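Trainee: build the 3D model from these lines:
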Amino acid sequence: MSRGGVLVVWLVTVLAVPGLGAPARPPWPSAAAVVAAMLTAPALVDYEGTKVLSAVRGDRAESVTALESYKRLGKLRLEFLSPESVSGRLIVDDGASSWQYEPSYHLVIRGPSFLRPPGSPAQAQDIFRGYLVAVLGAEEVIGRQTIVVAMEPRAGGAGRRYWVDQATGAVLRMEERDATGEIVFTSFFTRISFGLNLPSALFRFHLPAGARIISLFLSGDPVDSPAALRRQSGFGAAMPASLSYGYRFRDGTVSRYGALATSAATYTDGMRALTVYQTPSSKMAFPRVGMPVKLEAAEARLLDLGYVRVLIWQWRGITYALAGSLPAAALIVIADEMTSR
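Mentor: Residues are numbered from 1 along each chain as shown. Here you go, the predicted model:
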């Protein structure tokens, strides 16, 4: 066979085999490596950017735009810019406590930090114990290369996809999907800047004059089991070892202010935390703020503060406050689960 014939055969072979002869694609990192990058990023990077959060409510989507600033090792500031109905909403988290100001109610909710410290091997193990994790590929987001990773909860519930910046480990985009695969929540940066030396003063909260305060911040000795938390609280509250959507008891606290005893039980699914506050109803008036919500056995109030939602209700002499970043529908499922015990 002539040299030209050999060349023709080689070209046909290359073109017939997908990928053969094309530039080699760099291998994607493993799921474990992507998770490790996500967990260590909070200790390594500062950033400031504009973020859009969009939630699907029924047949329509509601979006808000916020200015997000983060300082390494756990300091966050969120200033909500639009639409006008949320303009002025502010969240400041200094890594120890969080302050959330809702201008429409002239209300401040103070609670423990909802930021997790930089990841540890134990936290990574929690994620893989609670989720099926898979790398889906690589995509560009706002001009930066990202790795797309999917997390599906083993216990069922909403799955999530993260677009993780290859250079920093920061999450540039996130999608949450329901059991049918429909997107119910997204958050994504439209611009972001890294390597900034943000001043610490930016992460100090200044209380607006005359604002009402709901305090969900408890100080007390940590408790490592639901049974111990129930004993120390002194009232017969519902403190299960696990909740729907794969949440397991992590730790708890009991605080006493004179005759007022309040317990807080924190649960985690490996990625997110959920806290249940309980106090005797006779010692605390039911706050009439937020949107009315109907539970199976009680009336409730929902405060939707964007990143954090608080569901408050009373049941059998106990006032409950359920705080976390889960969708409102999921908080209602958990509240119904607790009142049925």
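Trainee: need the contact list for S325.
Mentor: Taking C-beta atoms under 8 Å, 6 or more residues apart in numbering as the definition of contact, the neighbours of S325 are F114, R272, Y307, V308, R309. No exception for glycine: its C-beta is placed from N, CA and C like everyone else's.
Trainee: oh, that last question was meant for S82, not what I typed.
Mentor: Taking C-beta under 8 Å, 6+ apart as the test, what S82 contacts is V64, T65.
Trainee: quick check: it vs L107, distance?
Mentor: Plainly put, S82 is 20 Å away from L107 if you go by C-beta to C-beta, to the nearest Å.
Trainee: need the three-state assignment for Y245.
Mentor: Of the three states, Y245 takes helix according to DSSP: H, G, I helix; E, B strand; the rest coil.
Trainee: buried sites along the strand or helix carrying E337?
Mentor: Using DSSP states H and E, E337 maps to helix 328-339. For helix 328-339, the neighbour count (16 or more other C-beta atoms under 10 Å) marks A330, L331, I332, V333, I334, A335, D336, M338, T339 as buried.
Trainee: pretty sure the third one is touching M291, no?
Mentor: Just to be clear, that refers to I332. No. At 11.7 Å, I332 and M291 do not qualify as touching, with contact defined as C-beta atoms under 8 Å.
Trainee: so, low pLDDT: which residues of the protein?
Mentor: Segments of the chain classed as low confidence (criterion: pLDDT under 70) are 1-26, 57-58, 117-120, 216-220, 236-237, 256-260, 283-289, 305-307, 341.
Trainee: can you map out the helices along it?
Mentor: Using DSSP state H, the helices found in the chain span residues 3-16, 31-40, 121-130, 226-233, 328-339.
Trainee: in a markdown table: these, plus distance to L303.
Mentor: A markdown table is the format used below for those (distance: least, C-beta to C-beta, whole Å):
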| stretch | distance to L303 |
| --- | --- |
| helix 3-16 | 61 |
| helix 31-40 | 28 |
| helix 121-130 | 27 |
| helix 226-233 | 24 |
| helix 328-339 | 10 |
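Trainee: of these, which approaches E176 most closely?
Mentor: helix 328-339 (10.1 Å; C-beta to C-beta).
Trainee: isn't T262 right up against V254?
Mentor: Yes. Here T262 reaches V254: they are 7.3 Å apart, a contact under C-beta under 8 Å.
Trainee: please convert the contacts of S325 to a markdown table, extending it with distance to E296.
Mentor: Shown next, in a markdown table, are the contacts of S325 (distance: C-beta to C-beta, whole Å):
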| residue | distance to E296 |
| --- | --- |
| F114 | 27 |
| R272 | 24 |
| Y307 | 27 |
| V308 | 24 |
| R309 | 19 |
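Trainee: so which of those residues are in strands?
Mentor: Using DSSP state E, the subset of the contacts of S325 located in strands is R309.
Trainee: list just the nearest of the contacts of S325 to S97.
Mentor: Compare each of those with S97 using C-beta to C-beta and the shortest gap goes to F114, at 9.9 Å.
Trainee: burial count for that closest one?
Mentor: 20 (other C-beta atoms under 10 Å).
Trainee: so what's it up against?
Mentor: The contact partners of F114, by C-beta under 8 Å, 6+ apart, come to D93, S98, A273, Y307, V308, G324, S325.
Trainee: from those residues, pick the one nearest L198.
Mentor: Comparing those against L198 with C-beta to C-beta picks out D93 as the nearest, at 13.5 Å.
Trainee: go ahead and confirm L229 touches M239.
Mentor: Yes. The pair L229 and M239 passes the contact test of C-beta under 8 Å, sitting 5.4 Å apart.
Trainee: domains in the protein, as residue ranges please.
Mentor: Under automatic domain parsing, the residue ranges defining each domain of the chain are 31-194, 218-339.
Trainee: all strands for the stretch 1-150 of the chain, in order.
Mentor: 47-57, 60-71, 75-82, 90-93, 97-102, 107-112, 131-141, 144-153 (DSSP state E, counting those that start in this stretch).
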